[in-house]
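> Provided below for reference: sequence and predicted model.
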Amino acid sequence: MTNYESFIRGLPKAELHMHIEGSLEPRMMFDLAARNGLKLRWGSPSELQAAYQFTNLQSFLDLYYEGCRVLIHEQDFYDVTAAYLRRAKQDGVIRAELLIGPQSFTTRGVGIETVMNGVLRAIEDARHDLAISSGLIVTAQRHRTEADAMLLLDQIMPWSDRILGIGMGGAEVGNPPSKFVNFFRACRDRGFRITIHAGEEGPASYVREAVELLRVDRIDHGNSCLADPELVAEIVRRKLALTVCPLSNLRLKGVPSLEQHPLRALINAGLHVTVNSDDPSYFGGYVSENLIECQRALDLSLNDVVDLARNGFTAAFISPDERDKALASIDSYVAAFRM
Ligand code: HPA
Ligand code: ZN
């Protein structure tokens, strides 16, 4: 292990953008399929893994939604969430904000309570058993209608005090943030923080809509904002963080190589950038691998890496007290580490 690698693995980190469904490892997908009496169209976990060759976001989403079929019972949602949190703990993550998109399940007849109770129980157990702080962001799917999103919002209200915020994922191009103005207004009216995937494959105008029309609290991805310098200035002025996912962008062909990833340009533009794994099982890395590979490809300095980790905590939906303790833990770690 290089010095940078061991430094990054041990560095206290926050992960703000990961989809629980996207942390389903091939082995677990096979185990859950067997447990639930389902047959997968791949012969083995390694055959499934070999199918992870994506050409764009949609080619990934097709496989990701297919994988979601193995999650049926409350225990399945518990197990996949608990497995991610155990892995995150080993990875030095002390704060995780997890996304889940219940519509993949509820539209197939799985009860909303099955999804919510399984995930929230794993989050609660991890707080006790692993001392990892985590919370849930419920996402709606943008290829569905605004009425579908409103229905989801109604369904999750019984758990509202245990939900960090509401987000949105799915096929971006053709489904701009402006399609969901009323939905996000309703989320705000009910007291939820809001985030949306924007500028992953979509243009800067989608990021502008997220900022100006939806008035989001955080932007998931956001890469394409760089094409609009006035928008960048506005995002900086509003102190909105971007949850950037470099290995995701690489695997979904948003960038031709990590060396050409806009992470450095986003940082240089003064944006509040965080690094995250998105769908770690599908994209070949958890948050540490994202930081390690970016450090190498973009020649990030130790200070750059530490700033990215600090940004994770300042952008997290946590109390000032939890934030200050996390930042102090970074300071002590850096002071004690010998490069
Ligand atoms: N983009 C949009 N939707 C998603 C993603 C993503 O990267 N991952 C899971 N759902
Ligand atoms: Zn995502």
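Thanks, I have the structure now. Ligands and ions are numbered 1, 2, ... in the order given.

> what does the stretch 1-150 of the chain put close to ligand 1?
Contacts of the stretch 1-150 of the chain with ligand 1, taken as C-beta under 6 Å from any ligand atom, map to 19, 22, 57, 64. To be clear about C-beta, it is placed using only N, CA and C from the backbone, and glycine gets the same treatment.

> which one of those residues sits closest to ligand 1?
Using C-beta to the nearest ligand atom, residue 19 is the member of those that lies nearest ligand 1, at 4.2 Å.

> and the closest one, bridged to which residues?
For residue 19, the beta-bridge partners are residue 99 (DSSP bridges).

> on that earlier part again, so which of the residues of the stretch 1-150 of the chain next to ligand 1 sit within strands?
Members of these lying in strands (criterion: DSSP state E): residue 19.

> which among the residues of the stretch 1-150 of the chain next to ligand 1 count as buried?
Neighbour counting by 16 or more other C-beta atoms under 10 Å classes 19, 22, 57, 64 among these as buried.

> what ranges does the stretch 151-300 of the chain have for its strands?
165-169, 193-198, 218-221, 241-244, 272-275 (DSSP state E, counting those that start in this stretch).

> and those: which comes nearest ligand 1?
Taking C-beta to the nearest ligand atom, strand 165-169 is the member of these nearest to ligand 1, at 3.1 Å.

> touching, residue 253 and residue 60? I think so.
No. Counting by C-beta atoms under 8 Å, residue 253 stays clear of residue 60, with 9.8 Å between them.

> from the chain's centroid, how far away is stretch 237-250?
How far stretch 237-250 lies from its chain's middle: 10 Å, per C-alpha atoms, centre = their mean, to the nearest Å.

> let me redo that: stretch 294-302
21 Å.

> what do you get for stretch 288-307?
How far stretch 288-307 lies from its chain's middle: 19 Å, per C-alpha atoms, centre = their mean.

> report the separation between residue 111 and ligand 1.
22 Å (C-beta to the nearest ligand atom, to the nearest Å).

> do the same with residue 213
To ligand 1, residue 213 is 19 Å away according to C-beta to the nearest ligand atom.

> could you report the neighbour count for that residue?
15 (other C-beta atoms under 10 Å).

> test my guess that it contacts residue 180.
No. Residue 213 is beyond contact range of residue 180, at 9.1 Å (criterion: C-beta under 8 Å).

> near ligand 1, which residues of the stretch 201-339 of the chain?
Taking C-beta under 6 Å from any ligand atom as the measure of proximity, the stretch 201-339 of the chain contacts ligand 1 at 248, 278, 279.

> which residues touch the first one?
With contact set as C-beta atoms under 8 Å, 6 or more residues apart in numbering, residue 248 has these partners: 254, 277, 278, 279, 283.

> pull the most distant pair out of these.
254 and 277 (14.9 Å; C-beta to C-beta).

> could you pull out the strands for the stretch 1-150 of the chain?
With DSSP E, counting those that start in this stretch as the definition, the stretch 1-150 of the chain shows strands at residue ranges 13-19, 93-100, 133-141.

> how far away is residue 304 from residue 298?
Separation of residue 304 from residue 298 (C-beta to C-beta, to the nearest Å): 8 Å.
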